[in-house]
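> Sequence first, predicted coordinates after that:
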Amino acid sequence: MSHRQALSELVLSGWVPCGIGDWATALRSPDGRFVVRVCPFDPAYAAFIELCRRCEGNPYLPRIYLAADLDGGGSLTVLDHLAQAPQGEAAQLVHRWKHNDGGADLTTLKEAALIVNAEYAARMPWWDGLDLNESNVRLSTDGQLAFIDIFCMDGAELYAQVLKDAAVVRRKIPIEQCRHLLDIPYMARESSPDEIRALHEAWTGSR
């Protein structure tokens, strides 16, 4: 199933779009308990899933109920619904992480995140490391703060390379992992028609 098919099936099943980021679209379940993240392309999210697997049960991470691959490098992830955290509380948690002042659970999470980051940096082209900011802190229904999406790719450099020589991207990232790299929400939201056309021409012309 592609990300387009997944989004269509979810909407037809009553899931409601509730957020659009740079790389993915989020939909909330009809009962409000869960969120599904549907992404056409985002190699960095696999690192976050790996972190959640290694730190299962850590209170500063959401519970992952399903993590499935989609066609061409896309992904579908079902997790608890997390609301926007109060700005002050989010900033305080980020500060505690950065200054190693958060107790055993936060220390364990940070240590694991640094290991995952190093592993992906060693093998993932255009890796950009930890993306730790207040917008990546959310709030569970029981009042627990949790981190989401704390790893990132250097999207600006990656897409600049597509325009410069897309064949380089195809050599470094297998096509089965990047078939839909032009479908990320950021492109639709931020690019002009000329920019979108240039990207498509560069990408299809490198085949």
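Everything's here; your move.
> burial count for Glu9?
Glu9: 12 surrounding residues under other CB atoms under 10 Å. For the C-beta atoms, the positions are set from N, CA and C on the backbone; glycine is no exception.
> Enumerate every residue touching it.
Residues in contact with Glu9 (CB atoms under 8 Å, 6 or more residues apart in numbering) are Met1.
> Now with 10 Å, please.
Met1, Trp15, Val38 (CB atoms under 10 Å, 6 or more residues apart in numbering).
> my read: the last one touches Asp69, true?
In this case it means Val38. No: counting by CB atoms under 10 Å, Val38 sits too far from Asp69 to count as a contact (12.0 Å).
> Comparing these two, which residue is more hemmed in?
Taking other CB under 10 Å, Val38 and Asp69 do not tie; Val38 has more neighbours (23 against 13).
> which helices and strands sit right next to whichever strand or helix holds the more buried one?
Using DSSP states H and E, Val38 falls within strand 34-39. On a contact count with 3 or more CB pairs under 10 Å, 6 or more residues apart in numbering; DSSP states H and E, strand 34-39 meets helix 3-12, strand 16-20, strand 25-28, helix 43-54, strand 64-69, strand 75-80.
> Which strands or helices does the last one pack on?
Just to be clear, that refers to strand 75-80. helix 3-12, strand 25-28, strand 34-39, helix 43-54, strand 64-69.
> now do the fifth one
In this structure, strand 64-69 packs against strand 34-39, helix 43-54, strand 75-80, with contacts taken as 3+ CB pairs under 10 Å, 6+ apart.
> Taking strand 34-39 as reference, get the angle to the longest one.
I take that to be helix 43-54. On the basis of axes from the mean of the first three to the mean of the last three CA atoms, to 10 degrees, helix 43-54 is oriented at 140 degrees to strand 34-39.
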